[in-house]
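J.: pasting a predicted model and its sequence here:
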Amino acid sequence: MPLSIKVFIISALLLSALLHGDETKGKKVFETYCWGCHHQTAVAFGPPFAQIASRRSADEIRAMITDPEAVSKTFGYKRNAMPKLQLKESELQAITEYILSYKPKGD
Ligand code: HEC
């Protein structure tokens, strides 16, 4: 196989890994830190991602993860039951996009 074709195939593989990286990462963060209390569309201990995505902005979601005690009050919860989670900036970004990907269509 000519070198140029090999280079083309390798770049295409890298590009697709890059493009799908965030989605996979968001799912991983979800499974590691959130799954016990949140599900994508069904109510668990906390509200489902579909419901969160339909009423909160990216900034609100990030704020809630970073400081649930303060933010749950502004969201109207009487008692805060979500623990503070220490996520890296890249994990925060990935999980926020993952949650917002559940925003119901036409909302
Ligand atoms: C121990 C259980 C628990 C874990 C783990 C947890 N949550 Fe929560 N979460 C809750 C509960 C309960 C609420 C409802 C608000 C409250 O109790 O403070 C909530 C609320 C939220 C809200 C605001 C909901 C709204 O009103 O729109 C967001 C956003 C959220 N969680 C995101 C996450 C993300 C992202 C993770 C993982 C990184 C996570 N939570 C992990 C229990 C949890």
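T.: Thanks, I have it. The model shown is predicted, which means the values in this text are computed figures rather than measured ones. Numbering: from 1, shown residues only.
J.: which element, helix or strand, includes Gly36?
T.: Taking DSSP states H and E as the definition, one finds Gly36 inside no helix or strand.
J.: what about it, how many residues nearby?
T.: When neighbours are counted by other CB atoms under 10 Å, Gly36 registers 11. Using the backbone N, CA and C atoms, a C-beta is placed for each residue, glycine as well.
J.: who's in contact with it?
T.: With contacts defined as CB atoms under 8 Å, 6 or more residues apart in numbering, Gly36 is in contact with Ala44, Phe45.
J.: return the distance of it relative to the ligand.
T.: Taken as CB to the nearest ligand atom, to the nearest Å, the spacing of Gly36 relative to the ligand amounts to 5 Å.
J.: any low-confidence regions in the protein?
T.: In the prediction, the chain carries residues with pLDDT under 70 at positions 13-22, 106-107.
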